[in-house]
Each structure stands twice: as C-alpha cells, then as structure tokens.
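*Asks:* Any chance you could fold what I've pasted below:
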Amino acid sequence: MKGDPVIEVEAMSRRYGSGKDAFYAVRDLELTVAEGQLFGLLGTNGAGKTSSLEVIQGLSRATDGSVRVLGMDPVRERRELRPSLGIMLQKGGLPQDFTARESLSMWAGTCSNPLPVDEVLERVDMRDRSDTRVKFLSGGEARRLDLACAIIGQPLVLFLDEPTTGLDPESRRNTWQLIAELKASGVTIMLTTHYLDEAESLCDQLAIMHRGTVVRSGTVAEVVADHPAQIKVRRPDLLLPNLPGAEMRVDGDSVVITTATVQETLTDLLIWAQHNNVALSGLDARAASLETVFLSIADQFDHHVKLEGAPV
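*Replies:* The predicted structure follows:
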C-alpha cells in the first residue's frame, strides 16, 4: 500500500575503530521513509550522511540498532533485496576505457529487468556522448552516466548521493525533472545533496545531520517554521529604535535584525525611518530558508562543542 514504510532505521549507530580510538560516525539514527517519498539526508561534511547510507544500502554493517529496507535486512538479505535497489555513489568506478554505452550495457547485464540502454542514455541526456570513452567524459557527464547505471534496473528504492555535483545548470534542471518523474512513478528515493535549493525543491521530508546525529527533521516548512527571519540594513546615522520581539547586532557597517514576525518588525522599522527622515540603505529582508536554518545549526552546535572544550 502506498505510504507504507519502505526504509526503517531504529537506533542505528556506526562505529569505526575500538577502545580509546573508537569513533562514532553515526549515533542512534532514527529514520522512516514511506513508499513513493523523496527523503533528503542533509548535513555538513563529516556529518555522517555517507556512513548512514552505506549501512542502509547494506554496504556496511551497523554497530548497533537495526535497518530494514522493503522489510529486509540489507546485509543478511542482500541477495533478495539488491535487485530492488538503485545506488548512485558519490564517485563511480566504471572502466575508463569503455564507452558510455559499453559501460551501461555491462551494468545492465547485472540487473534482473533492465531498461533498454539507449532509452536510459536518452533520459540522462547522454545519447550524443554514448560512444565516448568514460575517461574522456566531463565530470558532469560522468555523473549522468552514474545516474543511468542507478536507474537502468528499474529500482523500487533509489539512493542518490550528491547526484548533481559538477552538472551545468541545464543538466541539473533536467536531472531534477528526471528525479521528479521517478518519484511520480512510485519510486522511493533517498537523496543527499549540498545544494539546499535542490532539497527545498525535491524533498517531501528531510533530516539534517550534524556530528553523527539528526538535529532537525520534518518537511521543509516544518524545519524552517521556528527559525527567525532576518533584516539587514546599513547602519544609519541615528541609533535604531528598540523593535518589539526583535534582536539586533552590529555586523561591520550593517545592523542585522532577527525576528519571528518579519512583517511587523519591518513595518515598525520603516515607520521609524519615515518619522525621523532616515534613508535606509542596503535594506534586505529575508524570511527563514533552509539555508539559514542549516547554517545556524552548524554555528550553534559547533559553538556548543567549543564551550564544552571538546575538539572540533
């Protein structure tokens, strides 16, 4: 039934090393991805995204906790599960002397029910480069070929690790469209990306990881909801008034105002400026976005770690 859990992660941890050298890349991860959903796993470099994906995909074992994909353990039941998965890693490992078509044909030979090679090359905009050797493909073209390998087996669950890195704007837009089409067809997708506009545009649900744990999750609207908006203005000659419900700080030659009620705060600021005949130059008012939430999480948690005296 559509909407049933496809990926279930419960209290999953991934530890490297042992004893005093032990390091947890992921700790107590809890995730549920429903059928047909596009789930974004975000985080700074080293947050634990790739380690999490490797365990969920069955490429490595969890140290603690459990993972189920389509009701199966991705390590113990890998033989049964693998035909239903499409995996696009951060870096592909295709033979450099094969052409794009030869590489995809080879990959199709490992799939139970592959799509026609030329059809898939068309879907990823690689038909005109199909006879080019992999070693002569650009970085963006190589990523599109990696995507072709991930989708040619008609997966029920698709993992995309940084799928648009190195793509030009047109190819990136086309890849977004292809991902949206796959989701519309019922494919469940887990995506990692450093492009926050990509996550905002594509994801139904997302989780933001930092230092191995999820620190914020939900829809984009839910993640952004409690985060304040920001107003920035060049410092005027007169001292700015106290604005109810807002906080102000000086940033170089500008004043940054954070507020949960941006319309009311901006109105108060404009009325004050008009009343005092003050020209507000460099005025910029922005509602909270996924980018501002992401950056504030990194700043907040890094600051907390520094205060505790732990290494960063």
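
*Asks:* residues of stretch 91-100 that come out buried?
*Replies:* Judged by neighbour count (16 or more other CB atoms under 10 Å), stretch 91-100 contains these buried residues: 92, 94, 99-100. Any C-beta I mention is one placed from the backbone N, CA and C, and that applies to glycine too.

*Asks:* Show the end-to-end separation of that stretch, please.
*Replies:* By CA to CA, to the nearest Å, the extent of stretch 91-100 from end to end equals 16 Å.

*Asks:* mean confidence for that stretch?
*Replies:* The pLDDT scores in stretch 91-100 average 88.

*Asks:* rewinding a little: widest-spaced pair of the buried residues of stretch 91-100?
*Replies:* Greatest spatial distance in the buried residues of stretch 91-100: 92 and 99, 14.5 Å, computed using CB to CB.

*Asks:* which of the buried residues of stretch 91-100 lies closest to residue 273?
*Replies:* Of all these, residue 92 has the smallest distance to residue 273: 55.2 Å, by CB to CB.

*Asks:* Look up the closest residue to the closest one, ignoring the ones flanking it.
*Replies:* Excluding the flanking residues, the one nearest residue 92 by CB to CB, 6 or more residues apart in numbering is residue 146, at 4.1 Å.

*Asks:* so how far is residue 153 from the one you found?
*Replies:* Distance of residue 146 to residue 153, given as CB to CB, to the nearest Å: 13 Å.

*Asks:* Roughly how far does the residue nearest to residue 92 sit from residue 152?
*Replies:* Taking CB to CB as the measure, residue 146 falls 11 Å from residue 152.

*Asks:* So if we follow the domain assignment, how does this protein break up?
*Replies:* Per the record, the chain has its domains at 5-220, 228-287, by automatic domain parsing.

*Asks:* Report the distance from the last one to the chain centre.
*Replies:* Put plainly, it is domain 228-287. 32 Å (CA atoms, centre = their mean, to the nearest Å).
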